[in-house]
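Undergrad: I need the structure of the sequence given here:
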Amino acid sequence: MKVFHKPTCITCKKTISEIERMGKDIEKRDFFKDPFSEVEFKKILKMAGKKPSELLRKRDKMYKELNLEKSKKTDTQLIKLMIKYPGLILRPIIIIKNKAIVGKVDVKNLK
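TA: Predicted structure coming up:
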């Protein structure tokens with residue numbers, strides 16, 4: 001199981017500690033220090049079955065600064081922005097086999 005996270009994110013911390021409490025092996029990666037490549041992020045989107053707009057963190061200050069609520073960006077433009085500003089990406093991202101689960105998750109349902 002892989003977990004992409006931000007160490008200072010409370011949701012990430014809670015999720016990781018719950019998974020560790022369940023005794024699961026985790027490979028952790030801080031995607032702020034070790035950012036996603038465009039290809040890698042597209043793969044995560046595909047595994048999650050989501051569009052880039054569905055993985056946008058609307059509470060991030062860059063979301064407001066870039067006026068993403070009002071601007072109509074293409075998926076490609078959004079992906080480029082999300083790679084450049086990782087704070088725009090919902091977190092944590094959990095990869096289990098070929099599936100990606102993003103955001104707040106009930107870890108008891110992880111298989």
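
Undergrad: for the protein, give me the ranges with low pLDDT.
TA: 111 (pLDDT under 70).

Undergrad: all strands for it, in order.
TA: 2-5, 27-30, 93-96, 99-102 (DSSP state E).

Undergrad: show me what the second one is packed up against.
TA: The elements that strand 27-30 packs onto, with contact taken as 3 or more Cβ pairs under 8 Å, 6 or more residues apart in numbering; DSSP states H and E, are strand 2-5. To be clear about C-beta, it is placed using only N, CA and C from the backbone, and glycine gets the same treatment.

Undergrad: how far off centre is the strand it packs on?
TA: 8 Å (Cα atoms, centre = their mean, to the nearest Å).

Undergrad: quick one: strands adjacent to it?
TA: Strand pairing for strand 2-5, using DSSP bridges, gives strand 27-30 (parallel), strand 93-96 (antiparallel).

Undergrad: would you check how far apart K6 and C12 are?
TA: Note on K6: its distance to C12, by Cβ to Cβ, to the nearest Å, is 6 Å.

Undergrad: kindly report the same for K99.
TA: Applying Cβ to Cβ to K99 and C12 gives a distance of 18 Å.

Undergrad: which one's more surrounded, those two?
TA: C12 (19 against 12; other Cβ atoms under 10 Å).

Undergrad: thanks again, I'm all set now.
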